[in-house]
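In: okay, sequence plus prediction incoming.
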There are 2 protein chains.
Amino acid sequence: MTGVDISLMELERLTLHLLQAIGLNEENAATVTEVFLRATYRGVGHHDVYELPGRLAGLEAGKVKANPSITRINKYHALENYEGDNGLGELCGMFIMRRAEQLADEYGIGLCAIRNTHHLLASTPYVEAAADNGYISYIVTRGTPTMGAPGRIEKVIGTSPMGYAIPTESGNHIMFDACLAYASNGVLAEKAAAGVSVPSYWGLDSEGRATEDPAAIAKGTRQPIGAHKGFGLTILGEILTGILSEGQIIDEQQPGTGLVGMPSHTAICIKADGLLGQRQLTQRTTEMANRMEARAAGLQLPGQRSARSRKQIISKGTIELRPDLVKKLNEWAIKLGVVPIILS
Amino acid sequence: MTGVDISLMELERLTLHLLQAIGLNEENAATVTEVFLRATYRGVGHHDVYELPGRLAGLEAGKVKANPSITRINKYHALENYEGDNGLGELCGMFIMRRAEQLADEYGIGLCAIRNTHHLLASTPYVEAAADNGYISYIVTRGTPTMGAPGRIEKVIGTSPMGYAIPTESGNHIMFDACLAYASNGVLAEKAAAGVSVPSYWGLDSEGRATEDPAAIAKGTRQPIGAHKGFGLTILGEILTGILSEGQIIDEQQPGTGLVGMPSHTAICIKADGLLGQRQLTQRTTEMANRMEARAAGLQLPGQRSARSRKQIISKGTIELRPDLVKKLNEWAIKLGVVPIILS
């Protein structure tokens, strides 16, 4: 990539000001900016600031609320669910993670679900924020049924994107972020663009045949990891989100709009340091990682690549972005009366 | 199979009396019998009553305690962990599930972990028992590192056997029970015995090469479902069990014995009916299943096969067992002074 180096301060300023200019109040703009920066520091180039133009378009079109009125539906001790009021996924996701932290403080473990919200970029920003505060954190999302049951072409369920994080001694969390299909749509598109084949068990073409062509799978049906195993775990994701949030399930339409696939999200936090002490928690997590690495030299553990990217980007103080993104962001800046990124 | 039909009353009586004769007190024998029967009604022919002779041998040899003194290590509101005192896995597993239910009653959600215990047969008996009581239930187990990281031959972690259950309107729970390797050792042995090949991504041979030979994978290294995805979820299982129970992790030796792979188990219960009401919970779970089935006719959902087996066995009042098992059980009966199964 021949990218453009942007200072992190500039990126933060632009994101914050664009969000404010499109209508988010100061607190909400700061929260969403935090989510975008956390996602962007992973250095994956999607499900991060590359989604910001799309978010701004959704807000401008009134498809998503900038300042939703998030209200509680029910509470039973450490279980709570909320109405998301068609709000930004980044706001709703951070809201439930913060509530799960508070519930964990009070009860040791807390579960908070929210319905009628939107895409939240990725799991990392939320679980990372909670692990920064010492919690074992977990988040899971539901959406449109786009995945098949094992060997089946019919799309019966979403892919249950989920993530977790747990703090270690180094401050680099063990951190996981994935959906339960073999491949996200993004990965299939990347592979198709690169002209490479993928394992035939990743999905079926539109006729239900196994194929190594990522474009054919994208037009067909993705398969859950480990067949019935991933399928069963995906259903658990739908239970925790769609059912516990009292939101939509499978192909159910949202009342009023008729939309299918409205996201619900659910966050769980465990205050493990209440049980073990913070020192033992991080010491044992670190030892767990060390013991695996001692058995398999060079082993890649979940979150390590993200942590390296974050460290590198922050120590450099700049991030390389594709020129087309910078152009789009600057167009939005001019449109909304925000100072654009000054390229040196 | 040319099996022997045994009445369920006879099977229950024999199991209960054998366990009492080997030293379990009345209450413990009743609990373990319940676990064995629940496992056996699944009709899978392993991880059930077929393990009973092995359990009796372990108890006789003093490797496992029949009446462990299960004591609490720590508590933080809805989080508890326990010392299993080298007790039977079936006792320790049912103990933590019952405690998780009680914690869920008190806090909405409860997590209970136990260390220094043994194999608990399967996840089904525990999650089924809790779902019978209306809870959303989850259990996960750790053990010896037998699985590789993605593409790696070195065995770095166990397979995180886990299960969950959630009640539906029919009384047949949605119920899941699986490890996070593509194949259990049992499945590999079955495939090898049947002389059939398996997908090459299930594992590596002892030289680290992909192979379709189940026997070669059994001697080599099993792989996690979905590569880094299953691997990350397996690490979460190790965190919930090994770390939260304050037990062993990865290849750590048990203090005193030096044994590697001592199981820890963790149960989580959610009192979802506290949040939604029992009627809405089961109605929505049923609707979730119905909506998937409406999209894919004849779809197999987790727990349906088990439910059919259970219904069939209970309505028949008898179960077909392999003659070699009946022979072994009767040998144990004679040895322990218990009335053997009278074959008609």
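Out: Yes, it's here. Everything numeric here is computed off the predicted structure, so don't read it as measured data.
In: from now on I want contacts and neighbour counts done on CA atoms only, so please keep to that.
Out: Fine.
In: so A:Leu14 sits right up against A:Leu336, yeah?
Out: No: between A:Leu14 and A:Leu336 there is no contact under C-alpha atoms under 8 Å: 11.2 Å.
In: give me the pLDDT for A:Met1.
Out: In this model, A:Met1 is scored at 58, pLDDT.
In: A:Lys219 now?
Out: 96.
In: and if you look at A:Ile342?
Out: Confidence score, pLDDT, at A:Ile342: 82.
In: tell me how far it lies from chain B.
Out: Here the distance between A:Ile342 and chain B works out to 40 Å (C-alpha to the nearest C-alpha, to the nearest Å).
In: cool, and A:Val140?
Out: 13 Å.
In: three-state assignment of that residue?
Out: Using DSSP: H, G, I helix; E, B strand; the rest coil as the criterion, the local structure at A:Val140 reads strand.
In: burial check on it, number of neighbours?
Out: Using other C-alpha atoms under 10 Å in any protein chain shown, A:Val140 has 27 neighbouring residues.
In: without its sequence neighbours, what residue ends up closest to it?
Out: A:Met162 (4.2 Å; C-alpha to C-alpha, 6 or more residues apart in numbering or on different chains).
In: secondary structure class for the spatially most central residue of chain A?
Out: Chain A has A:Ala122 as the residue nearest its centroid, 1.4 Å off, counting by C-alpha atoms, centre = their mean. Look at A:Ala122: counting by three-state DSSP, its state is coil.
In: and the stretch 51-200 of chain A, which residues reach chain B?
Out: A:74-80, A:106-111, A:149, A:152, A:154-157, A:164, A:176, A:178-180, A:182 (C-alpha under 8 Å from any C-alpha of the partner chain).
In: the stretch 1-150 of chain A: strands as residue ranges?
Out: For the stretch 1-150 of chain A, the strands defined by DSSP state E, counting those that start in this stretch cover A:4-7, A:71-76, A:79-83, A:109-115, A:136-141, A:147-148.
In: quick one, what contacts A:Ala165?
Out: A:Ala165 makes contact with A:Val127, A:Glu128, A:Ala130, A:Ala131, A:Ile136, A:Ser137, A:Tyr138, A:His173, A:Ile174, A:Met175, A:Phe176, according to C-alpha atoms under 8 Å, 6 or more residues apart in numbering or on different chains.
In: which positions within stretch A:125-144 qualify as buried?
Out: Within stretch A:125-144, the residues that qualify as buried are A:125-132, A:134-144, counting by 16 or more other C-alpha atoms under 10 Å in any protein chain shown.
In: what's the span of it, first residue to last?
Out: From its first residue to its last, stretch A:125-144 covers 22 Å (C-alpha to C-alpha, to the nearest Å).
In: what's the distance between A:Val156 and A:Gln102?
Out: From A:Val156 over to A:Gln102 (counting by C-alpha to C-alpha), the distance is 35 Å.
In: who has more neighbours, those two?
Out: More crowded of A:Val156 and A:Gln102, by other C-alpha under 10 Å: A:Val156, with 25 against 18.
In: can you give me phi and psi for that one?
Out: Main-chain torsions, A:Val156, degrees, to the nearest 10: phi -110, psi -20.
In: doesn't B:Leu299 make contact with it?
Out: No: with contact defined as C-alpha under 8 Å, A:Val156 does not count as touching B:Leu299 (9.5 Å).
In: any common contacting residues for the two?
Out: In contact with both A:Val156 and B:Leu299: A:Ala149, B:Met292, using C-alpha under 8 Å, 6+ apart.
In: so what's the nearest residue to A:Ala122 once chain neighbours are set aside up against?
Out: Spatial nearest neighbour of A:Ala122, chain neighbours left out: A:His47 (6.1 Å); criterion: C-alpha to C-alpha, 6+ apart. With contact set as C-alpha under 8 Å, 6+ apart, A:His47 has these partners: A:Ala39, A:Thr40, A:Leu121, A:Ala122.
In: ok, and the closest non-adjacent residue to the first one?
Out: Nearest in space to A:Ala39, with sequence neighbours left out and distances taken as C-alpha to C-alpha, 6+ apart, is A:Asp48 at 4.9 Å.
In: now do the contacts for that neighbour.
Out: By C-alpha under 8 Å, 6+ apart, the neighbours of A:Asp48 are A:Phe36, A:Leu37, A:Ala39, A:Thr40, A:Leu121, A:Ala122.
In: based on its surroundings, how many neighbours for the fourth one?
Out: What that stands for is A:Thr40. 24.
In: now the first one
Out: By the measure other C-alpha under 10 Å, the count of residues near A:Phe36 is 26.
In: that one is in contact with A:His46, isn't it?
Out: No: contact criterion C-alpha under 8 Å: A:Phe36 and A:His46 do not qualify, at 10.8 Å.
In: buried ones among the residues of the stretch 51-200 of chain A next to chain B?
Out: Among these, those scoring as buried are A:74, A:76-80, A:106-111, A:149, A:152, A:154-157, A:164, A:176, A:178-180, A:182 (criterion: 16+ other C-alpha under 10 Å).
In: pLDDT at A:Leu79, what is it?
Out: pLDDT, read off for A:Leu79, is 98.
In: correction: the previous question concerned A:Ala104.
Out: pLDDT, A:Ala104: 98.
In: so what's it closest to, chain neighbours aside?
Out: A:Gly110 (4.6 Å).
In: which other residues reach the helix or strand containing A:Leu188?
Out: Element membership for A:Leu188, per DSSP states H and E: helix A:185-194. The contact list for helix A:185-194, computed with C-alpha under 8 Å, 6+ apart, reads A:Ser197, A:Val198, A:Asp213, A:Pro214, A:Ala215, A:Ile217, A:Ala218.
In: what's the farthest-apart pair in those?
Out: A:Ser197 and A:Ala218 (12.4 Å; C-alpha to C-alpha).
In: more neighbours, those two?
Out: Between A:Ser197 and A:Ala218, counting by other C-alpha under 10 Å, A:Ala218 is the more crowded of the two (22 against 14).
In: hmm, back to that, the residue nearest to A:Val140 pairs with what?
Out: A:Val140, A:Ala178 (DSSP bridges).
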